[in-house]
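In: Just need the structure, nothing else, for what follows:
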Amino acid sequence: MKTAIISKKKGRKSSADFTDSWNSFQKSVSPQNIPTGIFLEQYSVGLTRRFNGTSRSDTLSQMDWEEVYFQIHKSALEGYRPTPPDEVLLRADTFEQGIPIAVLNFNANKLITKTSTVIAKALRQQKKFEIPSITKVLEECRVFAACAIIPREFNTFFRVKPRYRGMSPTFCIDGSFYFTNSDGEPVSYKIDFDDGHGSRVVSPGDNITIEYGEEGKKIIEVICEFPDGLLKSNFEFDITAESAPIPDEEWDIEATIEYEGAKGKGKASIFYAQDGSGLEKPILFADGFPGHSLDFLYGRLKEFNTWEDLNKDHALVILTYEDGKTFVQRNAFVVVECINKLREQTSLPLIVTGVSMGGLITRYALGYMNQNGIESQTETMLCFDSPHKGACIPLGVQTAASFLSSESSSAKDSWNLIISDAAKQMLVYQTGSWEDEDEEPLVTEIFTDFMSDLEAQGWPPIKLLAVSNGIGDGSSNGIAPEDHTLDWYGNICAYGDTWSASTSDEEVDYASLYVIKVSAWDWDFWSKDALAYDGAPGGTRNSNGELAKGIEDSGYGWVDHWHDDSCFVPTVSALALNEDLYVDVNSLPSGTGPFTSFICSSSNTEHAILTQELADWIKAEIASTKEEAS
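Out: Next up, the predicted model:
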């Protein structure tokens, strides 16, 4: 098999006339010339139209607020930058008093419309332009937005839409979530929480608990009173009654075995069996990438009464990690320690399951225990759509996330996940940073090293079960090599295209990208000798759709997009088969592969999502395990 290669080449460059004018213009953007210290350039100036504190401001989502703050921070000059966005979101993720209402209130400078038009015309025509003095073509504007910041949740490489779980949120007006470059905080807040009780006055420092009677999207209005007037913002707050029950026990787990100089940590949330047997018959569920909340996992497991049915006569042990993005091996040793603690509680056989990356973690843990003579007391391991032969994110999505990571909050989030240690171990093809100069193999050393280590642990000699969200007959999800997946247009400062990977032995583009603030060139990115992962049968993720949404939400123009859902974990990977991506696994001889029994979906379905057929199969297999044990 030929080695898949990736690289890039320069396309059209801005003309010397325009580039010289642009560079001269950029040099004039300095603290001496920008009174507010924040300069909103052409492609971010739309923020002032959407969120300016007036009654004409748009209602914003939490993702909008985060993007606005990201753009403000990026537009601020040295010495004027507010708290870094990552720090703000981490503060919200770990805020214990409740849900903070974050307020941004910035005075900024932008070019007058006439000057913006001159530059846009020069860029379009690639001609020279002149601005006599930047101080004479500036006007001041305000950017104002308020929003509740719910702790972040990710599903693989993309953000999950923020949603509060529970019907009684406590909102907090905390000074550490007020961000401004002007003097003074609001004197008071007048807030309508959309609970049917109208507006109420809330003072800085107050915490207020709201009782909602119905689930769904609320539109909360915040009016901030200042000595010189009022500023207004409306935001969406989505709420659901669905939340995990309170665990009967919680264990803090710390591995006793180090990996790469550190020990992993996690938390086991334990729910006793409903038949009164307590923790005697446990099923251990190991979380996947990049780590999730207990509420998120409960929401997935409760589909088709799976949680309820399994919990009737089994204790459910949900293991989450302190860091779900670190090396698989490090969290595998957390599983080893959790199994050891469970063995202290029961003499009955254990059932160990893992979802997505969790299946690799449990496989490594049980293989390691078997190899090193450590009793696991485990009779069954179930892997749910786990990438035993690797997972795949479209090349165009990876490169676009890298290319846009300095310009977009959502792109930065995705790129940071793509380059995490666990992701590098699992992704078959990795594009690397868009700035990498040389031709590089798509399959990296960290991936092959991990796969070798995983194989070296061997499979534990127990009942092995596998679930694939992909179809078993080899049918594609409809994406052919070189299919157009995204057309981004409508902004002369930023545009691009992406395509599914080509299988050709010649250089074929999979992405073409241009952002004037990133590079004066537009760049074409190509690959050759790749396998057709994008269209392969398997569990899917809406990777192309998420890229399109991220660009649209960042205000960079318009996007047409196709083939939103692409293969993430190929069927052959979920079943640990050394076969062609498009093989009909149903026709393979009995005993092919390591699993005692497996099920494939009747169609290519979303990765790590239960369907009725999959839930019924899992419950039946666990019931048969129980019968075999008795």
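In: looking just at contacts, which helices and strands does the helix or strand in which residue 464 is found meet?
Out: Residue 464 is part of strand 463-471, with elements assigned from DSSP states H and E. Counting by 3 or more Cβ pairs under 8 Å, 6 or more residues apart in numbering; DSSP states H and E, the packing neighbours recorded for strand 463-471 are strand 378-384, strand 538-541, strand 566-570, helix 571-574, strand 597-601, helix 612-629. C-beta: built from backbone N, CA, C; applies to glycine.
In: can I get those in CSV with mean pLDDT and mean neighbour count?
Out: As requested, these are exported to CSV (pLDDT from 0 to 100; neighbours: other Cβ atoms under 10 Å):
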stretch, mean pLDDT, mean neighbour count
strand 378-384, 97, 24
strand 538-541, 98, 28
strand 566-570, 98, 29
helix 571-574, 98, 29
strand 597-601, 97, 20
helix 612-629, 86, 15
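In: could you dump the ones you listed to a markdown table with distance to residue 112?
Out: Formatted as a markdown table, these follow (distance: least, Cβ to Cβ, whole Å):
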| stretch | distance to residue 112 |
| --- | --- |
| strand 378-384 | 57 |
| strand 538-541 | 44 |
| strand 566-570 | 44 |
| helix 571-574 | 56 |
| strand 597-601 | 57 |
| helix 612-629 | 59 |
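In: Give me the buried stretch members for stretch 141-152, please.
Out: By neighbour count on 16 or more other Cβ atoms under 10 Å, the buried set for stretch 141-152 is 141, 142, 143, 144, 145, 146, 147, 148, 149, 150, 152.
In: surely the fifth one meets residue 54?
Out: No - taking contact to mean Cβ atoms under 8 Å, the distance of 11.9 Å between residue 145 and residue 54 leaves them out of contact.
In: Contacts only, for residue 584.
Out: Residues counted as contacts of residue 584 (Cβ atoms under 8 Å, 6 or more residues apart in numbering) are 472, 473, 474.
In: What of residue 403?
Out: Contacts of residue 403 by Cβ under 8 Å, 6+ apart are 411, 434, 513, 515, 518, 523.
In: Going by distance to residue 243, which of those residues wins?
Out: Residue 243 has its nearest neighbour among the contacts of residue 403 in residue 411, at 30.6 Å by Cβ to Cβ.
In: Can you give me the distance of the closest one to residue 172?
Out: 29 Å (Cβ to Cβ, to the nearest Å).
In: can you check residue 118 too?
Out: In terms of Cβ to Cβ, residue 118 sits 46 Å off from residue 172.
In: So which of the two has more stuff around it?
Out: Neighbours per residue, other Cβ atoms under 10 Å: of residue 118 and residue 172, the larger number sits with residue 172, 22 against 16.
In: still on that earlier bit, among the contacts of residue 584, which ones are buried?
Out: 472, 474.
In: a markdown table please, covering the contacts of residue 584 and showing pLDDT and distance to residue 334.
Out: Converted to a markdown table, these look like this (pLDDT from 0 to 100; distance: Cβ to Cβ, whole Å):
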| residue | pLDDT | distance to residue 334 |
| --- | --- | --- |
| 472 | 97 | 33 |
| 473 | 96 | 37 |
| 474 | 96 | 37 |
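In: Now do the same contact list for the residue nearest in space to the middle of the chain.
Out: By Cα atoms, centre = their mean, the chain has its centre lying nearest to residue 158, at 2.3 Å. When contacts are counted by Cβ under 8 Å, 6+ apart, residue 158 touches 410, 413, 414, 541, 542, 543, 546.
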